[in-house]
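J.: Need the 3D shape of this:
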Amino acid sequence: MNRSEEILRQLKTLADPAAVAGMARFGISPENNYGVRVPVLRKLAREIGRDHGLARELWVTGVREARIIAGLVAVPRKVTEQEMEDWVRDFHDWEVCDQTCMNLFQNTAYAYVKAVEWGMRPEEFVKRAGFILMARLAVADEQAGDADFRMFLRLIEREAGDSRNYVKKAVNWALRQIGKRSRELNAAAVDTAHRIQTQNSKSARWIAAAALRELTGDAVQERLRTRAARRCKLK
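T.: A predicted model of the protein is given here:
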């Protein structure tokens, strides 16, 4: 029995059918799903350690838990562009999509390229992956300049009319996270939201309204002022 088979056997011992049913109510597919919760999967991944070959083996099983662990134990610098394309085509629900983007794809050399490419693709969870990457990069990549995020804003504005639930929520998340990155990007994101608001689309108006509530709110504005003042002191 190889290591991936051992991990699958361990996952089966942790199966929780009631959790599977509960997850289904939140849009997580019950197919190939043992109902093991993400904190448990993260603990298992820490025990396993980084192993890119194992990650590939776990992914092809098609099992929800194995795929989430795959994203946690894969080695970002070893991920190829073709591998990202192969994996993104396998996304069938929001959870594996989001977990893989957050745990792995955002740390690869292709993250910015794929954010744009996937954000323009028609498949629901491929497109969601693009906007999840935009949101995560806005949070995690502290060294990036504003140019890439302004490019993301143009794509957010273009795709805001997509009414599919898992897409529009990701578009909204990306817009809000970019707008919380700096005062300059906040102003750009607010301007983008106002333009989106004028689109003849219920989805676009929802995205704009939700983003404007947060981005113009006192909490975000105060946080941005504090961050800007801290940066001035460090110069």
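
J.: Now do the contacts for the residue most central in space within the chain.
T.: The centre of the chain sits closest to Ile132, judged by CA atoms, centre = their mean, with a distance of 3.1 Å. By CB atoms under 8 Å, 6 or more residues apart in numbering, Ile132 lies in contact with Cys97, Asp98, Cys101, Met102, Ala170, Trp173, Ala174. Where you see a C-beta, it was placed from the backbone N, CA and C, and this is true even at glycine.

J.: what's the neighbour count on Arg154?
T.: Using other CB atoms under 10 Å, Arg154 is surrounded by 11 other residues.

J.: quick one: contacts of the helix or strand in which Glu117 is found?
T.: Element membership for Glu117 (DSSP states H and E) is helix 111-119. Outside helix 111-119, the residues that touch it by CB under 8 Å, 6+ apart are 81, 84, 88, 105, 108, 126-127, 129-131, 133-134, 137, 148, 151-152, 155, 159.

J.: If you go by neighbour count, which of these are buried?
T.: Buried subset of those (neighbour count, 16 or more other CB atoms under 10 Å): 84, 88, 105, 108, 126-127, 129-131, 133-134, 137, 148, 152, 155, 159.

J.: before we move on, the earlier item: can you pull the phi and psi angles for the spatially closest residue to the residue nearest to the centre of the chain that is not a sequence neighbour?
T.: Take Ile132 and drop its neighbours on the chain: the residue closest to it by CB to CB, 6 or more residues apart in numbering is Cys101, 4.4 Å away. Cys101 adopts backbone torsions of phi -60, psi -40, taken as degrees, to the nearest 10.

J.: dump the residue contacts of Cys101.
T.: Contacts of Cys101 (CB under 8 Å, 6+ apart): Ala129, Ile132, Leu133, Arg136.

J.: What of Gln106?
T.: Leu133, Arg136, Leu137, Ala140, Asp141.

J.: swap in Val190?
T.: Contacts of Val190 by CB under 8 Å, 6+ apart are Gly179, Ala211, Leu212, Leu215, Thr216.

J.: can you list the domains in the chain?
T.: 1-91, 110-235 (automatic domain parsing).

J.: on that earlier part again, with just CA atoms, put the helix holding Glu117 into PDB.
T.: This file holds the C-alpha atoms of helix 111-119, laid out as PDB (Å, rounded to 0.1, in the frame of the first residue of the first chain):
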ATOM      1  CA  ALA A 111      -0.700  33.400  -9.700                       C
ATOM      2  CA  TYR A 112      -1.100  36.800 -11.300                       C
ATOM      3  CA  VAL A 113      -1.300  35.400 -14.800                       C
ATOM      4  CA  LYS A 114      -3.900  32.800 -13.900                       C
ATOM      5  CA  ALA A 115      -6.000  35.300 -12.000                       C
ATOM      6  CA  VAL A 116      -6.500  37.300 -15.200                       C
ATOM      7  CA  GLU A 117      -6.800  34.300 -17.500                       C
ATOM      8  CA  TRP A 118      -9.200  32.500 -15.300                       C
ATOM      9  CA  GLY A 119     -11.200  35.600 -14.600                       C
END
